[in-house]
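Asker: Predicted model, plus sequence, below.
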Amino acid sequence: MKKRLLSLLLAGVMATTMVAGCAKKPGAEGGEKGASEKGYELALITDVGTIDDKSFNQGSWEGLETYAKDNGITCKYYKPAEKSDSACLTSIDLAVKGGAKVIVTPGFLFEAPIYQAQEKYPDIKFIMVDAAPISPEKEVKINDNVSSVFYAEEQSGFLAGYAAVVEGYTKLGFMGGIAVPAVIRFGYGFVQGAEAAAKDLNISGVEVKYTYVGNFDATPENNAKAAAWYNNGTEVIFACGGAVGNSVMKAAEAAGKKVIGVDVDQSAESETVMTSAMKSLSTSVYDTVASVYKDSFQGGKSVTLTAKENGVLLPMETSKFNKFDQTKYDELYKGLQDGTIKVGNDTIATDASKLSSDYVKVESIK
Amino acid sequence: MNILYFIIQQTMYFAIPLLIVAIGGMYAERSGVINIALEGIMVMGAFVGISFISIFQDSMNGQLLLILAILVSGVVGGIFSLLHAFASINMKADQTISGTALNMFAPAFAIYVARMVQGTQQIAFTDTFYISKVPVLGDIPVIGDMFFKNCYIITYIGIAIYLVAAYVIKNTKYGLRLRACGEHPGAADSVGVNVAKIRYSGVIVSGVLAGIGGIVFVVPTSTNFNATVAGYGFLAIAVLIFGQWRSNKILMAAFFFGIMKTLSSAYSAIPFLNALPVSSEIYKMFPYIATLVLLAFVSKNSQAPKAEGIPYDKSMR
């Protein structure tokens, strides 16, 4: 009798969840928009992050989704089952089978998979964000059906670093996710920005703690690390690694300190976010997808979006600055655009501590 | 001194969830049911608890909301663990497999429901629970700085749970019966103890505590819940084994793990550790190496419950 009651209960629970599942329309999942028999024309394949990482994947997806909505095209995202080349390739196969004509792949994970896929599917257009197809022999080879988009993250980091020092902070921190080129560019730019501001304002003794935490997740370890830095006097941390930011923000809330967000405008995430070092992910994905449909797709090469193309920016409206104002920002931005301000990228040093100068002391923590 | 206080405060964030969940695991295992579903139950507890906070944070805030959320998490954890209890006690299923099933189900469920309801998988919450200084107690020199500043009420709840749980299993009739069912259920049955009932209770207690552990884990360390507790359920099992299924040893093990975790992530801000030529990986590895060494030495006379993992069959008596 007891058993029967229990199984009845379990069946009841299952039935309710199923009803609850059906009550929502299928489109609410976010991944699928306007399924048709032809499948989904625009596809995005995520990297290790999720589609709603409030950062890299989400930014790219928003661009794609907006274009799809504006033009009544179907779209869908896919998530590789695991972090491996074969899983990424399988997702690409899946997307093609699902009817994809344009596939957007954000992240360096796709270097090798796209190298294979560009040969396998010559009729499909691939848009790579922050990566280019790389052969097993480490050679870059971009076919005509692939467009690879890079950003000058160092300029975005530069603006953030400059702003932080203008705001009066002299103890800065940089907490990157994994040391991939984009993250390194952000970090090096950040240090150079702090240095430039210190030089302009003639402040000496700016210190930067610099590390890569080795993941893109919100973990108690990352939280403790940030808390330790804040406790030790660090005033603002540039959290440059997806969900790592959430751990840092939590520590900042407890310590009453500041955070600089990354990739997209993260001011809504926490009160402590002073500004965000952005790159125009959604705009550039939107534009590149649009170019496919306007027959102006420029495949076969990689483009680096800099300040000149408005590829990098700080969201001045939502930033909480006291001293760093729009005029200063415009001045800097103009300098970046016309080349009077030069910011080195990830190739200028092998280690962040080598960026130390008379004005800025970088302590690289392994 | 500041650094010392900081290390102690930070250790609490790591140690308290480990302690609560490991004590929960102790109840299940000493009743004779292996519970490797702790991770999944933590996810479930945290999911519902954080959702609760996120829904009600507009109408109330502060400690009351947190305590209610903890209760909700505990109840959900208890209910969720019933699945494991049913499979392993009534159905006599392989306990490792049913536990694994729960572990796989929980994050998927959390992501699915969160996406259905609010569109994104992260559930954000506002932290109104942080206590920068406990009134009166925080003014005590040294001790006040160590234990009553920069903390959450969950630290004290966790300690209270530990004290009660340790007392019950050691000093009450129920505790004795529970232990008997884990060592020799046949003997317990022969004197009229209902083994199934006791084992159910053990699993439910572990579920309640793991559920609470889930929310206790998330609140101090993130601004949202992203369907994961970063392997702390499994770490709690390691603490349980390291603590040899005994509550006082578990307490020490939890704080040992907690301190090592703190040192590995905060060493860069601790002057004398930063000066040492030891990389953070060493600190990270240390608790696990210690566990391995300990297991190597004591596994011969391990104090694991004898009947652990074996479904009780009356006919085998």
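Answerer: That came through fine. Please read these numbers as outputs of a predicted model, since none were measured by experiment.
Asker: Next, residue A:260: phi, psi?
Answerer: As for residue A:260, its main-chain torsions (degrees, to the nearest 10) stand at phi -110, psi 130.
Asker: tally of neighbours for the residue of the stretch 51-200 of chain B found nearest chain A?
Answerer: Closest to chain A within the stretch 51-200 of chain B is residue B:120: 4.0 Å, counting by Cβ to the nearest Cβ. C-beta: built from backbone N, CA, C; applies to glycine. Using other Cβ atoms under 10 Å in any protein chain shown, residue B:120 is surrounded by 19 other residues.
Asker: How about residue B:245?
Answerer: 21.
Asker: just the one 10 residues further on next, same as before
Answerer: Counted with other Cβ under 10 Å, the neighbours of residue B:255 add up to 19.
Asker: Could you check how far it is from residue B:262?
Answerer: In this structure, residue B:255 and residue B:262 are 10 Å apart, going by Cβ to Cβ, to the nearest Å.
Asker: got it, and residue A:230?
Answerer: Noted for residue A:230: a distance of 15 Å to residue B:262, by Cβ to Cβ.
Asker: Show the subsequent helix or strand relative to the helix or strand harbouring residue A:44.
Answerer: Assigned by DSSP states H and E, residue A:44 belongs to strand A:42-45. Using DSSP H and E, the next helix or strand after strand A:42-45 towards the C-terminus is helix A:56-71.
Asker: Now the longest helix anywhere in chain B: buried residues?
Answerer: Secondary structure assigned by DSSP state H gives helix B:2-30 as the longest helix of chain B. Neighbour counts over helix B:2-30 (16 or more other Cβ atoms under 10 Å in any protein chain shown) mark B:3, B:5-30 as buried.
Asker: Chain A contacts on chain B?
Answerer: B:2-3, B:6, B:10, B:13-14, B:86, B:90, B:115-116, B:119-122, B:124, B:127, B:130, B:150, B:217, B:220-224, B:226, B:228, B:230, B:232, B:261-262, B:264-270, B:274, B:279-280 (Cβ under 8 Å from any Cβ of the partner chain).
Asker: Can you select the buried ones from those residues in ChimeraX?
Answerer: Here is the ChimeraX command that selects the buried residues among the residues of chain B next to chain A (16+ other Cβ under 10 Å):
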select /B:3,6,10,13,14,86,115,120,121,122,124,127,150,217,220,221,222,223,224,226,228,230,232,261,262,264,265,266,267,268,269,270,280
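Asker: returning to that earlier point: what residues are shared contacts of residue B:255 and residue B:262?
Answerer: Here residue B:255 and residue B:262 have residue B:11 as joint contacts, going by Cβ atoms under 8 Å, 6 or more residues apart in numbering or on different chains.
Asker: Now do the residue in the stretch 251-366 of chain A positioned nearest to chain B: how many residues are near it, please.
Answerer: Nearest to chain B, among the residues of the stretch 251-366 of chain A, is residue A:365, at 4.4 Å (Cβ to the nearest Cβ). Residues lying near residue A:365 (other Cβ under 10 Å) number 20.
Asker: Do a quick rundown of the strands in the chain.
Answerer: Chain wasn't specified; assuming chain A. Taking DSSP state E, the strands of chain A run over residues A:42-45, A:75-78, A:102-106, A:125-129, A:146-151, A:171-176, A:206-212, A:236-240, A:258-263, A:273-279, A:301-305, A:312-313, A:360-365.
Asker: ah, I was thinking of chain B
Answerer: Counting by DSSP E, the strands of chain B are B:123-124, B:131-133, B:149-151, B:224-225.
Asker: want to throw the ones you listed into JSON lines with distance to residue A:116 and mean pLDDT?
Answerer: JSON lines is the format used below for those (distance: least, Cβ to Cβ, whole Å; pLDDT from 0 to 100):
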{"stretch": "strand B:123-124", "distance to residue A:116": "38", "mean pLDDT": "90"}
{"stretch": "strand B:131-133", "distance to residue A:116": "55", "mean pLDDT": "88"}
{"stretch": "strand B:149-151", "distance to residue A:116": "52", "mean pLDDT": "87"}
{"stretch": "strand B:224-225", "distance to residue A:116": "36", "mean pLDDT": "90"}
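Asker: what's the most buried one of those strands?
Answerer: Of all those, strand B:224-225 carries the top mean neighbour count, a mean of 26, counting by mean count of other Cβ atoms under 10 Å in any protein chain shown.
Asker: Can you name every helix or strand that it contacts?
Answerer: If you count contacts as 3 or more Cβ pairs under 8 Å, 6 or more residues apart in numbering or on different chains; DSSP states H and E, strand B:224-225 packs onto helix B:38-56, strand B:123-124.
Asker: ok, that strand: who's next to it in the sheet?
Answerer: Strand pairing for strand B:224-225, using DSSP bridges, gives strand B:123-124 (antiparallel).
Asker: Check the burial of the residue nearest to residue A:288 when sequence neighbours are not counted by counting its neighbours.
Answerer: In space, and not counting its chain neighbours, residue A:288 is closest to residue A:127: 5.0 Å by Cβ to Cβ, 6 or more residues apart in numbering or on different chains. Other residues within reach of residue A:127, judged by other Cβ under 10 Å, total 27.
Asker: where does chain B have low pLDDT?
Answerer: Residue ranges of chain B with pLDDT under 70: B:1, B:280.
Asker: Repeat that for chain A.
Answerer: A:1-38.
Asker: residues near the residue of it found nearest chain B, how many?
Answerer: Chain B sits closest to residue A:228 of chain A, with a gap of 3.4 Å, by Cβ to the nearest Cβ. Residue A:228 has 24 neighbours, counted by other Cβ under 10 Å.
Asker: swap in residue A:141?
Answerer: 14.
Asker: What of residue A:323?
Answerer: Residue A:323: 9 neighbours (other Cβ under 10 Å).
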